[in-house]
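In: Based on what follows, work out the 3D shape:
(2 chains)
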Amino acid sequence: MIFADIIFILIILVTLAGALITVLSGSIIYALIGLVITMFGIAGLYIYLNAPFLAMMQILIYVGAITVLIAFAIMLVGPLYKKPKEWTYPLKFIIAAVVALFSFFVFAKIILKTQWAGLLKPFTVSTKDIGRLLLDRLTFPFELISLLIVVAIIGAVMLSLYSRGEK
Amino acid sequence: MTGVGLYNSLNIYLFVGLVLLTCGILGVVYRRTLVSMLISMELIMNGAGLNLVAFNRFIAPDNANGMAFTLFIMGIAAAEAAIALAIIILVFRKFRHVEGSQLKEMKD
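Out: Numbering: from 1, shown residues only, chains lettered A, B, ... in the order given. You can find the predicted model right below:
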């Protein structure tokens, strides 16, 4: 029990450190690496929540696909090292920190005041149940997601293809 | 599956998701380039997915609706990232920079 707690705290610390690296680092590549660290931490939290299929999908989709996509965009978007300063001016950071801290305290108050109804019951949902739910009751949203991804890919290709002749 | 560990309390997962949301808001407001704003949006979506899975495990442990919804969030995040990166590349071709605060006109 103690060992599981130690690993859990370690995973939470890795996740929060990755989020802070993502937000506060000065360069975009470091922000991307921080995003990868955060994704791995969240995959670990999914395993602690008895959802190993979601942890695998998290690593596969976010770390495998979206991160590579963002890395390609960083490479295509040009020499960002010429202006490496992400800190524009301090007033903007102060305003952003005020907004973020305000939302943090509002939601923390909501979380701490609410009495969540369910007590801890045994959790018996497996990957088989997720597949049966996706192909049984949620079939229509599932197919809509696939249609949305096809439309998004064709739209992205068209956007970057047809704008080349202009200028 | 039941037990008294630190990982069996709902509030810890909710606070991790809340910190991810706060970091995402901070990044969207103050980062300079459009690409890092997109990275911060991914942080916000991850926090939402973590909250959904935690609610599914602790509040409604007899169905898998939250997990299915998190899978939908992942698919929508992939589509959104593809479209947003195409638009960012367009902006770079037109203006030769991707700074969010200097895009003042939509079409000229």
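In: A:Ile61 reaches B:Ile76, doesn't it?
Out: No: checked against C-beta atoms under 8 Å, the pair A:Ile61 and B:Ile76 is beyond contact range at 11.1 Å. Every C-beta, even on glycine, is put in place using the N, C-alpha and C of the backbone.
In: Residue nearest the middle of the chain, spatially speaking?
Out: No chain was given, so I picked chain A. A:Met39 (6.1 Å; C-alpha atoms, centre = their mean).
In: not quite, I wanted chain B
Out: B:Met45 (2.2 Å).
In: pretty sure it is touching B:Ile73, no?
Out: Yes: the criterion here is C-beta under 8 Å, and B:Met45 meets it with B:Ile73 at 6.0 Å.
In: ok, the nearest residue to the residue nearest to the centre of chain A once chain neighbours are set aside - how many residues close by?
Out: Spatially, and ignoring its direct neighbours in sequence, A:Met39 is nearest to A:Tyr62 (4.5 Å; C-beta to C-beta, 6 or more residues apart in numbering or on different chains). By the criterion of other C-beta atoms under 10 Å in any protein chain shown, A:Tyr62 has 25 neighbours.
In: May I have the phi/psi pair for A:Gln115?
Out: The phi/psi pair for A:Gln115 (degrees, to the nearest 10) reads phi -90, psi 110.
In: ok, it - how many residues close by?
Out: With other C-beta under 10 Å as criterion, A:Gln115 counts 4.
In: Excluding chain neighbours, give the residue nearest to B:Leu14 in space.
Out: A:Ile111 (5.0 Å).
In: Quick check: pLDDT value at that neighbour.
Out: For A:Ile111, the pLDDT comes out at 89.
In: Kindly export the host helix or strand of it (C-alpha atoms) in CSV.
Out: Using DSSP states H and E, A:Ile111 sits in helix A:90-113. Only the C-alpha atoms of helix A:90-113 are listed here, as CSV (Å, rounded to 0.1, in the frame of the first residue of the first chain):
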residue,chain,number,x,y,z
PRO,A,90,5.8,41.4,-17.5
LEU,A,91,2.4,43.1,-17.4
LYS,A,92,1.0,40.4,-19.7
PHE,A,93,2.3,37.7,-17.5
ILE,A,94,0.8,39.3,-14.4
ILE,A,95,-2.6,39.6,-16.0
ALA,A,96,-2.4,36.0,-17.2
ALA,A,97,-1.4,34.8,-13.7
VAL,A,98,-4.3,36.7,-12.2
VAL,A,99,-6.8,35.1,-14.6
ALA,A,100,-5.4,31.6,-14.0
LEU,A,101,-5.2,32.0,-10.2
PHE,A,102,-8.8,33.3,-10.1
SER,A,103,-10.1,30.3,-12.1
PHE,A,104,-8.0,28.0,-9.9
PHE,A,105,-9.5,29.3,-6.7
VAL,A,106,-13.0,29.3,-8.0
PHE,A,107,-12.8,25.7,-9.1
ALA,A,108,-10.9,24.6,-6.0
LYS,A,109,-13.7,26.1,-3.9
ILE,A,110,-16.3,24.2,-5.9
ILE,A,111,-14.4,21.0,-5.6
LEU,A,112,-13.9,21.3,-1.8
LYS,A,113,-17.5,22.4,-1.1
